[in-house]
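Student: okay, structure incoming, though there's no sequence with it:
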(Lines give C-alpha, C1' and ligand atoms only; values in the text may rest on other atoms or scores of the structure.)
Protein backbone atom coordinates (compact mmCIF):
# COMPACT_ATOMS: atom_id res chain seq x y z
CA UNK A 1 0.00 0.00 0.00
CA UNK A 2 2.29 2.75 -1.23
CA UNK A 3 -0.16 5.61 -0.87
CA UNK A 4 -1.40 4.76 2.58
CA UNK A 5 -0.43 8.11 4.09
CA UNK A 6 -2.51 9.92 1.56
CA UNK A 7 -5.80 8.33 2.41
CA UNK A 8 -5.38 8.12 6.19
CA UNK A 9 -6.91 11.07 7.91
CA UNK A 10 -6.25 12.05 11.51
CA UNK A 11 -9.14 13.58 13.35
CA UNK A 12 -9.24 15.08 16.82
CA UNK A 13 -12.25 13.13 17.98
CA UNK A 14 -12.53 13.51 21.76
CA UNK A 15 -11.78 16.81 23.54
CA UNK A 16 -9.99 16.60 26.87
CA UNK A 17 -13.08 16.94 29.14
CA UNK A 18 -14.74 14.05 27.29
CA UNK A 19 -11.66 11.85 27.66
CA UNK A 20 -11.25 12.71 31.33
CA UNK A 21 -14.89 12.15 32.21
CA UNK A 22 -14.89 8.92 30.18
CA UNK A 23 -12.14 7.37 32.28
CA UNK A 24 -13.38 8.76 35.58
CA UNK A 25 -16.90 7.51 34.83
CA UNK A 26 -15.47 4.10 33.86
CA UNK A 27 -13.66 3.85 37.21
CA UNK A 28 -16.72 5.13 39.10
CA UNK A 29 -19.08 2.68 37.40
CA UNK A 30 -16.73 -0.20 38.17
CA UNK A 31 -16.52 0.71 41.84
CA UNK A 32 -20.27 1.40 41.99
CA UNK A 33 -21.11 -2.00 40.51
CA UNK A 34 -18.77 -3.87 42.87
CA UNK A 35 -19.67 -1.93 46.03
CA UNK A 36 -23.32 -2.17 44.96
CA UNK A 37 -23.02 -5.95 44.98
CA UNK A 38 -21.56 -5.70 48.49
CA UNK A 39 -24.64 -3.70 49.56
CA UNK A 40 -26.98 -6.10 47.75
CA UNK A 41 -25.41 -8.97 49.71
CA UNK A 42 -26.87 -7.51 52.94
CA UNK A 43 -30.38 -8.39 51.72
CA UNK A 44 -30.16 -10.28 48.44
CA UNK A 45 -33.81 -10.08 47.44
CA UNK A 46 -35.86 -7.77 45.24
CA UNK A 47 -39.56 -6.96 45.59
CA UNK A 48 -41.93 -5.38 43.07
CA UNK A 49 -43.60 -3.12 45.67
CA UNK A 50 -43.00 -0.20 48.00
CA UNK A 51 -42.37 -2.21 51.20
CA UNK A 52 -40.77 -5.67 51.17
CA UNK A 53 -43.04 -8.70 50.78
CA UNK A 54 -40.59 -11.07 52.35
CA UNK A 55 -42.17 -14.33 51.22
CA UNK A 56 -42.47 -13.24 47.61
CA UNK A 57 -39.33 -11.77 46.14
CA UNK A 58 -39.13 -11.24 42.38
CA UNK A 59 -35.51 -12.27 42.50
CA UNK A 60 -33.41 -13.62 45.30
CA UNK A 61 -29.97 -15.13 45.70
CA UNK A 62 -29.54 -17.54 48.56
CA UNK A 63 -28.02 -20.65 50.00
CA UNK A 64 -29.53 -23.98 50.92
CA UNK A 65 -28.37 -27.45 51.85
CA UNK A 66 -28.68 -30.77 50.10
CA UNK A 67 -30.19 -33.61 52.18
CA UNK A 68 -26.65 -34.81 52.95
CA UNK A 69 -25.59 -31.38 54.22
CA UNK A 70 -23.75 -30.01 51.18
CA UNK A 71 -24.18 -26.24 50.76
CA UNK A 72 -25.94 -25.13 47.58
CA UNK A 73 -26.05 -21.61 46.18
CA UNK A 74 -28.98 -20.58 44.03
CA UNK A 75 -30.61 -17.74 42.14
CA UNK A 76 -34.40 -17.72 42.26
CA UNK A 77 -36.49 -15.73 39.79
CA UNK A 78 -40.19 -16.20 40.47
CA UNK A 79 -40.58 -19.95 40.85
CA UNK A 80 -37.51 -20.77 38.79
CA UNK A 81 -34.49 -21.83 40.81
CA UNK A 82 -31.05 -22.13 39.23
CA UNK A 83 -28.14 -23.75 41.05
CA UNK A 84 -25.15 -21.40 41.18
CA UNK A 85 -23.00 -22.96 43.92
CA UNK A 86 -19.48 -21.53 44.05
CA UNK A 87 -20.38 -18.22 42.41
CA UNK A 88 -23.77 -16.91 43.50
CA UNK A 89 -25.46 -17.72 46.81
CA UNK A 90 -22.58 -19.73 48.19
CA UNK A 91 -19.04 -18.67 47.33
CA UNK A 92 -15.66 -17.35 48.48
CA UNK A 93 -15.80 -15.08 51.55
CA UNK A 94 -12.64 -13.09 50.79
CA UNK A 95 -10.76 -14.56 53.72
CA UNK A 96 -9.82 -17.93 52.29
CA UNK A 97 -13.06 -19.73 53.05
CA UNK A 98 -16.55 -20.10 51.67
CA UNK A 99 -19.81 -18.77 53.01
CA UNK A 100 -23.42 -18.13 52.14
CA UNK A 101 -23.29 -14.82 50.27
CA UNK A 102 -25.08 -13.58 47.17
CA UNK A 103 -22.15 -12.21 45.16
CA UNK A 104 -18.68 -13.77 45.62
CA UNK A 105 -15.80 -11.92 47.28
CA UNK A 106 -13.97 -11.39 43.96
CA UNK A 107 -16.87 -9.29 42.67
CA UNK A 108 -17.44 -7.08 45.70
CA UNK A 109 -15.79 -4.05 47.33
CA UNK A 110 -14.54 -4.74 49.93
CA UNK A 111 -13.94 -8.41 49.16
CA UNK A 112 -15.04 -9.59 52.62
CA UNK A 113 -18.50 -8.83 53.98
CA UNK A 114 -18.58 -5.15 55.05
CA UNK A 115 -21.81 -3.28 54.42
CA UNK A 116 -20.59 -0.05 56.08
CA UNK A 117 -17.47 0.17 53.90
CA UNK A 118 -19.38 -0.92 50.80
CA UNK A 119 -21.77 1.97 51.40
CA UNK A 120 -18.87 4.42 51.85
CA UNK A 121 -17.37 3.41 48.50
CA UNK A 122 -20.75 3.43 46.80
CA UNK A 123 -21.87 6.86 47.99
CA UNK A 124 -18.45 8.43 47.37
CA UNK A 125 -18.36 7.22 43.76
CA UNK A 126 -22.02 8.07 43.25
CA UNK A 127 -20.97 11.67 43.87
CA UNK A 128 -17.97 11.26 41.56
CA UNK A 129 -20.26 9.96 38.82
CA UNK A 130 -22.77 12.78 39.25
CA UNK A 131 -20.04 15.44 39.18
CA UNK A 132 -18.65 13.73 36.09
CA UNK A 133 -22.07 13.89 34.46
CA UNK A 134 -22.36 17.60 35.22
CA UNK A 135 -19.03 18.30 33.47
CA UNK A 136 -19.83 15.97 30.58
CA UNK A 137 -23.32 17.38 30.04
CA UNK A 138 -21.97 20.19 27.83
CA UNK A 139 -20.66 17.58 25.36
CA UNK A 140 -23.31 14.91 25.79
CA UNK A 141 -25.71 16.50 23.33
CA UNK A 142 -23.38 15.56 20.50
CA UNK A 143 -24.91 12.10 21.00
CA UNK A 144 -28.40 13.30 20.22
CA UNK A 145 -29.35 11.31 17.12
CA UNK A 146 -30.59 13.23 14.07
CA UNK A 147 -32.73 12.18 11.11
CA UNK A 148 -29.76 11.01 9.13
CA UNK A 149 -28.73 8.71 11.98
CA UNK A 150 -32.20 7.22 12.00
CA UNK A 151 -32.15 6.77 8.22
CA UNK A 152 -28.74 5.14 8.26
CA UNK A 153 -29.49 2.93 11.26
CA UNK A 154 -30.60 -0.19 9.32
CA UNK A 155 -27.42 -0.07 7.24
CA UNK A 156 -25.31 0.35 10.40
CA UNK A 157 -27.02 -2.66 11.99
CA UNK A 158 -26.25 -4.71 8.85
CA UNK A 159 -22.61 -3.60 9.00
CA UNK A 160 -22.43 -4.69 12.64
CA UNK A 161 -23.51 -8.24 11.78
CA UNK A 162 -19.80 -8.80 11.24
CA UNK A 163 -18.59 -6.52 14.05
CA UNK A 164 -14.89 -7.05 13.36
CA UNK A 165 -15.44 -5.61 9.85
CA UNK A 166 -16.98 -2.36 11.09
CA UNK A 167 -14.85 0.41 9.53
CA UNK A 168 -13.63 3.40 11.54
CA UNK A 169 -15.50 6.47 10.40
CA UNK A 170 -15.05 10.20 10.92
CA UNK A 171 -18.24 10.62 12.87
CA UNK A 172 -19.84 8.11 15.23
CA UNK A 173 -21.84 5.58 13.21
CA UNK A 174 -25.61 5.58 13.90
CA UNK A 175 -25.58 2.40 15.96
CA UNK A 176 -22.81 3.81 18.17
CA UNK A 177 -24.71 7.04 18.54
CA UNK A 178 -27.97 5.35 19.49
CA UNK A 179 -26.21 3.06 21.95
CA UNK A 180 -24.25 5.85 23.66
CA UNK A 181 -27.38 7.98 23.63
CA UNK A 182 -29.34 5.22 25.35
CA UNK A 183 -26.65 4.74 27.99
CA UNK A 184 -26.11 8.44 28.69
CA UNK A 185 -29.69 9.69 28.44
CA UNK A 186 -31.76 6.69 29.49
CA UNK A 187 -29.90 3.99 31.44
CA UNK A 188 -27.57 6.24 33.47
CA UNK A 189 -30.37 8.60 34.61
CA UNK A 190 -32.51 5.60 35.57
CA UNK A 191 -29.66 4.13 37.62
CA UNK A 192 -28.86 7.43 39.35
CA UNK A 193 -32.48 8.39 40.06
CA UNK A 194 -33.54 4.91 41.20
CA UNK A 195 -30.53 4.91 43.55
CA UNK A 196 -31.55 8.28 44.93
CA UNK A 197 -35.10 6.95 45.33
CA UNK A 198 -33.78 4.52 47.96
CA UNK A 199 -32.84 7.38 50.29
CA UNK A 200 -35.47 7.95 53.01
CA UNK A 201 -34.46 11.63 53.19
CA UNK A 202 -34.86 12.00 49.43
CA UNK A 203 -38.26 10.35 49.74
CA UNK A 204 -39.22 13.04 52.29
CA UNK A 205 -38.13 15.78 49.88
CA UNK A 206 -39.78 14.21 46.82
CA UNK A 207 -42.43 11.54 47.39
CA UNK A 208 -42.87 11.35 43.62
CA UNK A 209 -39.38 9.93 43.04
CA UNK A 210 -39.81 6.46 44.61
CA UNK A 211 -43.41 6.50 43.32
CA UNK A 212 -42.07 7.05 39.79
CA UNK A 213 -40.27 3.70 40.06
CA UNK A 214 -43.22 1.87 41.64
CA UNK A 215 -42.15 2.33 45.28
CA UNK A 216 -38.92 2.02 47.21
CA UNK A 217 -38.38 -1.71 46.82
CA UNK A 218 -39.35 -1.54 43.14
CA UNK A 219 -36.73 1.19 42.74
CA UNK A 220 -34.17 -1.39 43.87
CA UNK A 221 -35.21 -3.54 40.89
CA UNK A 222 -34.68 -0.59 38.53
CA UNK A 223 -31.33 0.14 40.18
CA UNK A 224 -30.25 -3.50 39.85
CA UNK A 225 -31.57 -3.92 36.30
CA UNK A 226 -29.84 -0.68 35.27
CA UNK A 227 -26.57 -2.05 36.64
CA UNK A 228 -27.03 -5.25 34.59
CA UNK A 229 -27.72 -3.13 31.48
CA UNK A 230 -24.56 -1.09 32.12
CA UNK A 231 -22.50 -4.26 32.54
CA UNK A 232 -23.93 -5.70 29.32
CA UNK A 233 -23.02 -2.44 27.56
CA UNK A 234 -19.53 -2.60 29.08
CA UNK A 235 -18.90 -6.12 27.71
CA UNK A 236 -20.10 -5.23 24.19
CA UNK A 237 -18.24 -1.91 24.33
CA UNK A 238 -14.96 -3.67 25.21
CA UNK A 239 -15.44 -6.25 22.46
CA UNK A 240 -16.13 -3.55 19.88
CA UNK A 241 -13.13 -1.51 21.02
CA UNK A 242 -10.95 -4.60 20.66
CA UNK A 243 -12.38 -5.72 17.31
CA UNK A 244 -12.43 -2.42 15.42
CA UNK A 245 -8.84 -1.32 15.95
CA UNK A 246 -7.79 -1.59 19.57
CA UNK A 247 -4.84 0.81 19.33
CA UNK A 248 -6.67 3.39 17.27
CA UNK A 249 -9.69 3.32 19.57
CA UNK A 250 -7.66 3.49 22.77
CA UNK A 251 -5.46 6.26 21.36
CA UNK A 252 -8.48 8.34 20.51
CA UNK A 253 -9.77 8.10 24.07
CA UNK A 254 -6.31 8.87 25.53
CA UNK A 255 -4.84 11.52 23.21
CA UNK A 256 -8.01 12.44 21.39
CA UNK A 257 -6.64 11.58 17.93
CA UNK A 258 -8.39 9.01 15.78
CA UNK A 259 -7.31 7.66 12.36
CA UNK A 260 -9.74 7.07 9.57
CA UNK A 261 -9.05 5.66 6.11
CA UNK A 262 -10.69 8.00 3.67
CA UNK A 263 -13.06 6.24 1.33
CA UNK A 264 -13.22 8.25 -1.87
CA UNK B 1 -9.94 -22.41 18.78
CA UNK B 2 -12.59 -19.75 19.21
CA UNK B 3 -14.71 -21.91 21.50
CA UNK B 4 -11.87 -22.90 23.80
CA UNK B 5 -11.03 -19.24 24.33
CA UNK B 6 -14.31 -18.53 26.01
CA UNK B 7 -13.67 -19.93 29.49
CA UNK B 8 -10.26 -18.31 29.23
CA UNK B 9 -11.84 -14.89 28.70
CA UNK B 10 -14.20 -15.53 31.59
CA UNK B 11 -11.24 -16.39 33.76
CA UNK B 12 -9.46 -13.17 32.76
CA UNK B 13 -12.62 -11.21 33.60
CA UNK B 14 -12.93 -12.86 37.02
CA UNK B 15 -9.22 -12.39 37.70
CA UNK B 16 -9.29 -8.69 36.83
CA UNK B 17 -12.42 -8.17 38.92
CA UNK B 18 -10.73 -9.99 41.76
CA UNK B 19 -7.69 -7.73 41.33
CA UNK B 20 -9.90 -4.64 41.61
CA UNK B 21 -11.65 -6.08 44.65
CA UNK B 22 -8.29 -6.76 46.27
CA UNK B 23 -6.90 -3.29 45.59
CA UNK B 24 -10.09 -1.63 46.85
CA UNK B 25 -10.10 -3.86 49.93
CA UNK B 26 -6.59 -2.84 50.93
CA UNK B 27 -7.37 0.81 50.15
CA UNK B 28 -10.37 0.57 52.51
CA UNK B 29 -8.01 -0.28 55.33
CA UNK B 30 -5.89 2.80 54.65
CA UNK B 31 -6.93 5.51 57.11
CA UNK B 32 -6.52 8.40 54.69
CA UNK B 33 -8.50 6.68 51.97
CA UNK B 34 -11.20 5.83 54.46
CA UNK B 35 -11.36 9.43 55.65
CA UNK B 36 -11.73 10.51 52.01
CA UNK B 37 -14.51 7.97 51.43
CA UNK B 38 -16.33 9.46 54.43
CA UNK B 39 -16.38 13.01 53.02
CA UNK B 40 -19.70 12.75 51.12
CA UNK B 41 -21.52 12.33 54.44
CA UNK B 42 -21.26 16.10 55.07
CA UNK B 43 -22.52 16.79 51.57
CA UNK B 44 -25.43 14.41 52.10
CA UNK B 45 -26.28 16.07 55.40
CA UNK B 46 -26.08 19.54 53.83
CA UNK B 47 -28.25 18.64 50.84
CA UNK B 48 -30.52 15.71 51.75
CA UNK B 49 -30.62 16.70 55.40
CA UNK B 50 -31.69 20.27 54.63
CA UNK B 51 -35.02 21.58 55.87
CA UNK B 52 -37.65 19.57 57.72
CA UNK B 53 -39.46 17.69 54.93
CA UNK B 54 -41.98 15.11 56.09
CA UNK B 55 -41.56 11.41 55.43
CA UNK B 56 -44.40 9.94 53.40
CA UNK B 57 -47.32 8.74 55.53
CA UNK B 58 -49.39 5.75 54.53
CA UNK B 59 -52.90 4.41 54.99
CA UNK B 60 -53.81 1.65 57.49
CA UNK B 61 -54.19 -0.75 54.55
CA UNK B 62 -50.50 -0.34 53.69
CA UNK B 63 -49.25 -1.62 57.08
CA UNK B 64 -46.95 -4.64 56.67
CA UNK B 65 -48.36 -7.90 58.11
CA UNK B 66 -45.33 -8.28 60.36
CA UNK B 67 -42.87 -5.60 61.39
CA UNK B 68 -39.56 -7.34 60.73
CA UNK B 69 -37.05 -6.98 63.53
CA UNK B 70 -33.33 -6.93 63.17
CA UNK B 71 -30.27 -6.19 65.25
CA UNK B 72 -29.78 -7.16 68.87
CA UNK B 73 -32.03 -9.40 70.94
CA UNK B 74 -34.19 -7.65 73.51
CA UNK B 75 -32.30 -7.03 76.77
CA UNK B 76 -31.89 -10.26 78.73
CA UNK B 77 -31.41 -8.58 82.10
CA UNK B 78 -33.63 -9.64 84.98
CA UNK B 79 -34.75 -6.07 85.47
CA UNK B 80 -35.89 -5.71 81.86
CA UNK B 81 -37.67 -9.06 81.90
CA UNK B 82 -39.46 -8.10 85.11
CA UNK B 83 -40.55 -4.76 83.63
CA UNK B 84 -41.75 -6.52 80.51
CA UNK B 85 -43.89 -8.92 82.58
CA UNK B 86 -45.01 -6.23 84.98
CA UNK B 87 -46.35 -3.77 82.40
CA UNK B 88 -43.37 -1.43 82.95
CA UNK B 89 -44.22 -0.73 86.59
CA UNK B 90 -41.10 0.82 88.10
CA UNK B 91 -39.61 1.78 84.73
CA UNK B 92 -38.95 5.45 84.02
CA UNK B 93 -37.46 7.34 81.11
CA UNK B 94 -34.87 9.85 82.20
CA UNK B 95 -34.17 13.15 80.43
CA UNK B 96 -31.10 15.02 81.56
CA UNK B 97 -27.92 16.74 80.42
CA UNK B 98 -28.12 20.27 79.09
CA UNK B 99 -31.71 20.93 80.07
CA UNK B 100 -33.20 23.27 82.66
CA UNK B 101 -35.64 20.64 83.95
CA UNK B 102 -34.13 17.16 84.17
CA UNK B 103 -37.02 14.78 84.67
CA UNK B 104 -38.16 11.17 84.75
CA UNK B 105 -41.37 9.93 83.18
CA UNK B 106 -43.00 6.59 83.80
CA UNK B 107 -45.06 4.95 81.09
CA UNK B 108 -48.49 6.12 82.36
CA UNK B 109 -47.35 9.74 82.42
CA UNK B 110 -45.89 9.45 78.91
CA UNK B 111 -49.18 7.99 77.72
CA UNK B 112 -51.44 10.42 79.56
CA UNK B 113 -49.64 13.70 80.07
CA UNK B 114 -48.51 14.20 76.49
CA UNK B 115 -50.43 14.44 73.23
CA UNK B 116 -50.49 11.05 71.54
CA UNK B 117 -49.12 11.32 68.03
CA UNK B 118 -49.42 8.61 65.38
CA UNK B 119 -47.72 8.05 62.07
CA UNK B 120 -47.86 5.27 59.50
CA UNK B 121 -44.43 5.43 57.96
CA UNK B 122 -41.99 3.21 56.14
CA UNK B 123 -38.99 1.86 57.96
CA UNK B 124 -36.00 1.46 55.62
CA UNK B 125 -33.29 -0.82 56.95
CA UNK B 126 -29.69 -0.13 55.94
CA UNK B 127 -29.65 -3.73 54.65
CA UNK B 128 -32.12 -2.78 51.94
CA UNK B 129 -35.55 -3.99 53.05
CA UNK B 130 -38.55 -1.87 54.06
CA UNK B 131 -41.61 -2.39 56.25
CA UNK B 132 -44.55 -0.11 56.96
CA UNK B 133 -45.88 0.28 60.49
CA UNK B 134 -48.06 2.54 62.58
CA UNK B 135 -46.15 4.13 65.45
CA UNK B 136 -47.78 6.09 68.26
CA UNK B 137 -46.15 7.95 71.08
CA UNK B 138 -44.81 11.26 72.26
CA UNK B 139 -43.30 13.74 69.88
CA UNK B 140 -39.68 14.13 70.95
CA UNK B 141 -40.09 17.90 70.48
CA UNK B 142 -42.85 17.88 73.14
CA UNK B 143 -40.60 16.07 75.62
CA UNK B 144 -37.69 18.41 74.94
CA UNK B 145 -39.99 21.42 75.33
CA UNK B 146 -40.94 20.24 78.82
CA UNK B 147 -37.30 19.64 79.74
CA UNK B 148 -36.29 23.01 78.20
CA UNK B 149 -33.00 22.91 76.30
CA UNK B 150 -30.13 25.03 77.49
CA UNK B 151 -28.76 27.49 74.88
CA UNK B 152 -25.63 25.44 74.14
CA UNK B 153 -27.50 22.16 73.58
CA UNK B 154 -26.53 20.69 70.20
CA UNK B 155 -27.24 16.97 70.22
CA UNK B 156 -29.61 14.51 71.81
CA UNK B 157 -28.15 11.14 72.79
CA UNK B 158 -30.38 8.09 73.27
CA UNK B 159 -29.12 5.51 75.74
CA UNK B 160 -30.63 2.09 75.23
CA UNK B 161 -30.97 -1.10 77.25
CA UNK B 162 -30.02 -3.64 74.56
CA UNK B 163 -26.43 -4.74 74.04
CA UNK B 164 -24.52 -6.49 71.25
CA UNK B 165 -23.86 -9.61 73.30
CA UNK B 166 -20.49 -8.44 74.58
CA UNK B 167 -21.95 -5.85 76.96
CA UNK B 168 -21.63 -2.83 74.67
CA UNK B 169 -24.92 -0.98 74.91
CA UNK B 170 -26.76 0.40 71.92
CA UNK B 171 -26.97 4.17 71.64
CA UNK B 172 -27.86 6.73 69.01
CA UNK B 173 -27.88 10.49 68.57
CA UNK B 174 -29.57 13.24 66.59
CA UNK B 175 -28.82 16.91 66.27
CA UNK B 176 -31.42 19.29 67.71
CA UNK B 177 -32.99 20.01 64.34
CA UNK B 178 -33.49 16.29 63.63
CA UNK B 179 -34.71 15.78 67.20
CA UNK B 180 -37.47 18.39 66.91
CA UNK B 181 -38.55 17.23 63.43
CA UNK B 182 -42.37 16.97 63.48
CA UNK B 183 -42.19 13.21 62.86
CA UNK B 184 -39.42 12.30 65.30
CA UNK B 185 -41.32 10.23 67.79
CA UNK B 186 -40.69 8.38 71.01
CA UNK B 187 -43.09 5.55 70.32
CA UNK B 188 -44.82 3.34 72.91
CA UNK B 189 -47.26 1.66 70.51
CA UNK B 190 -46.71 -0.23 67.27
CA UNK B 191 -49.84 -0.89 65.23
CA UNK B 192 -52.02 0.23 68.18
CA UNK B 193 -50.50 -2.22 70.68
CA UNK B 194 -47.59 -1.72 73.06
CA UNK B 195 -44.31 -2.01 71.15
CA UNK B 196 -43.27 -5.71 71.30
CA UNK B 197 -39.94 -6.53 72.95
CA UNK B 198 -38.37 -7.40 69.59
CA UNK B 199 -39.34 -4.04 68.12
CA UNK B 200 -37.99 -2.01 71.03
CA UNK B 201 -40.26 -2.11 74.11
CA UNK B 202 -41.09 -0.05 76.01
CA UNK B 203 -39.97 3.02 74.03
CA UNK B 204 -38.57 3.16 70.56
CA UNK B 205 -37.27 6.26 68.88
CA UNK B 206 -38.74 6.62 65.38
CA UNK B 207 -36.88 8.73 62.83
CA UNK B 208 -38.69 8.06 59.55
CA UNK B 209 -36.48 10.38 57.47
CA UNK B 210 -33.39 8.26 58.10
CA UNK B 211 -32.38 4.59 57.90
CA UNK B 212 -33.66 2.17 60.51
CA UNK B 213 -30.58 2.04 62.73
CA UNK B 214 -31.22 5.65 63.80
CA UNK B 215 -34.54 4.49 65.29
CA UNK B 216 -33.03 3.21 68.54
CA UNK B 217 -34.94 0.56 70.51
CA UNK B 218 -35.39 0.17 74.27
CA UNK B 219 -34.62 3.83 75.03
CA UNK B 220 -34.06 4.40 78.71
CA UNK B 221 -32.33 7.75 78.95
CA UNK B 222 -32.26 10.83 76.79
CA UNK B 223 -29.22 12.99 77.34
CA UNK B 224 -28.87 16.43 75.81
CA UNK B 225 -25.24 17.39 75.11
CA UNK B 226 -23.19 20.19 73.57
CA UNK B 227 -21.12 17.89 71.36
CA UNK B 228 -20.62 14.29 70.35
CA UNK B 229 -17.26 12.60 70.50
CA UNK B 230 -15.39 11.74 73.67
CA UNK B 231 -17.43 9.16 75.53
CA UNK B 232 -19.99 9.14 72.71
CA UNK B 233 -17.60 7.85 70.06
CA UNK B 234 -19.05 8.65 66.66
CA UNK B 235 -22.57 9.20 67.90
CA UNK B 236 -24.04 5.72 67.78
CA UNK B 237 -23.38 2.01 68.09
CA UNK B 238 -23.39 1.38 64.32
CA UNK B 239 -21.61 4.68 63.69
CA UNK B 240 -18.80 3.27 65.84
CA UNK B 241 -18.71 0.30 63.42
CA UNK B 242 -18.20 2.63 60.44
CA UNK B 243 -21.78 3.45 59.42
CA UNK B 244 -22.77 7.04 58.67
CA UNK B 245 -24.00 9.24 61.50
CA UNK B 246 -26.24 10.96 58.96
CA UNK B 247 -28.28 8.05 57.66
CA UNK B 248 -30.58 9.92 55.29
CA UNK B 249 -29.26 7.83 52.37
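Tutor: Arrived safely. Since this is a predicted model, take the numbers as computed values, not measurements.
Student: list the buried residues of stretch B:157-164.
Tutor: Neighbour counts over stretch B:157-164 (16 or more other C-beta atoms under 10 Å in any protein chain shown) mark B:157, B:158, B:159, B:160, B:161, B:162, B:163 as buried. Any C-beta I mention is one placed from the backbone N, CA and C, and that applies to glycine too.
Student: and the third one, what does it touch?
Tutor: Residues near residue B:159 by C-beta atoms under 8 Å, 6 or more residues apart in numbering or on different chains: B:169, B:171, B:219, B:220, B:221, B:222, B:223.
Student: so for the chain, the centremost residue is which one?
Tutor: I'll assume chain A. Residue closest to the average C-alpha location in chain A (C-alpha atoms, centre = their mean): residue A:230, at 2.1 Å.
Student: not quite, I wanted chain B
Tutor: residue B:214 (1.4 Å).
Student: wait, that one sits on residue B:175?
Tutor: No: counting by C-beta atoms under 8 Å, residue B:214 does not reach residue B:175; the two are 11.5 Å apart.
Student: I'd like to know how far residue A:68 sits from chain B.
Tutor: 29 Å (C-beta to the nearest C-beta, to the nearest Å).
Student: picking that back up, make a PyMOL selection of the buried ones in the contacts of residue B:159.
Tutor: Buried residues among the contacts of residue B:159 (16+ other C-beta under 10 Å), as a PyMOL selection:
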select buried, chain B and resi 171+219+220+221+222+223
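Student: tell me which element the closest residue to residue A:83 other than its chain neighbours falls in.
Tutor: Nearest non-adjacent residue to residue A:83, counting by C-beta to C-beta, 6 or more residues apart in numbering or on different chains: residue A:74, 5.6 Å away. Residue A:74 is part of strand A:71-77 when elements are defined by DSSP states H and E.
Student: wait, what's in contact with the residue of chain B found nearest chain A?
Tutor: With C-beta to the nearest C-beta, the shortest gap between chain B and chain A falls at residue B:248, namely 3.0 Å. Each residue near residue B:248 by C-beta under 8 Å, 6+ apart is listed here: A:199, A:200, A:201, A:202, B:44, B:45, B:48, B:49, B:209, B:210, B:211.
Student: rewinding a little: now the buried residues of stretch B:157-164 in JSON lines, with secondary structure and pLDDT?
Tutor: JSON lines is the format used below for these (DSSP: H, G, I helix; E, B strand; the rest coil; pLDDT from 0 to 100):
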{"residue": "B:157", "secondary structure": "strand", "pLDDT": "97"}
{"residue": "B:158", "secondary structure": "strand", "pLDDT": "98"}
{"residue": "B:159", "secondary structure": "strand", "pLDDT": "97"}
{"residue": "B:160", "secondary structure": "strand", "pLDDT": "97"}
{"residue": "B:161", "secondary structure": "strand", "pLDDT": "97"}
{"residue": "B:162", "secondary structure": "strand", "pLDDT": "97"}
{"residue": "B:163", "secondary structure": "strand", "pLDDT": "95"}
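Student: all strands of chain B, in order?
Tutor: Using DSSP state E, the strands of chain B run over residues B:92-97, B:103-106, B:117-124, B:130-139, B:155-163, B:169-175, B:185-190, B:193-194, B:204-206, B:219-225.
Student: most packed of those?
Tutor: Of all these, strand B:204-206 carries the top mean neighbour count, a mean of 25, counting by mean count of other C-beta atoms under 10 Å in any protein chain shown.
Student: what are the contacting residues of it?
Tutor: Strand B:204-206 has contacts (C-beta under 8 Å, 6+ apart) with B:119, B:121, B:135, B:137, B:140, B:158, B:172, B:183-187, B:190, B:195, B:214-219.
Student: could you list which of those residues also contact chain A?
Tutor: Among those, not one lies near chain A by C-beta under 8 Å from any C-beta of the partner chain.
Student: now the strands of chain B as CSV including distance to residue B:86?
Tutor: Shown next, in CSV, are those (distance: least, C-beta to C-beta, whole Å):
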stretch, distance to residue B:86
strand B:92-97, 13
strand B:103-106, 12
strand B:117-124, 26
strand B:130-139, 20
strand B:155-163, 15
strand B:169-175, 22
strand B:185-190, 16
strand B:193-194, 13
strand B:204-206, 19
strand B:219-225, 16
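Student: relative to residue A:122, which of those strands is closest?
Tutor: strand B:117-124 (15.6 Å; C-beta to C-beta).
Student: I'd like the average pLDDT over the closest one.
Tutor: The average pLDDT within strand B:117-124 is 98.
Student: just the angle between it and strand B:185-190, please?
Tutor: Strand B:117-124 runs at 90 degrees relative to strand B:185-190, counting by axes from the mean of the first three to the mean of the last three C-alpha atoms, to 10 degrees.
Student: with adjacent residues omitted, what lies nearest to residue A:103?
Tutor: Excluding its sequence neighbours, the residue lying closest to residue A:103 (C-beta to C-beta, 6+ apart) is residue A:37, at 4.0 Å.
Student: got CSV for the contacts of residue B:159, with pLDDT too?
Tutor: Below are the contacts of residue B:159 laid out as CSV (pLDDT from 0 to 100):
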residue, pLDDT
B:169, 95
B:171, 97
B:219, 98
B:220, 98
B:221, 98
B:222, 98
B:223, 97
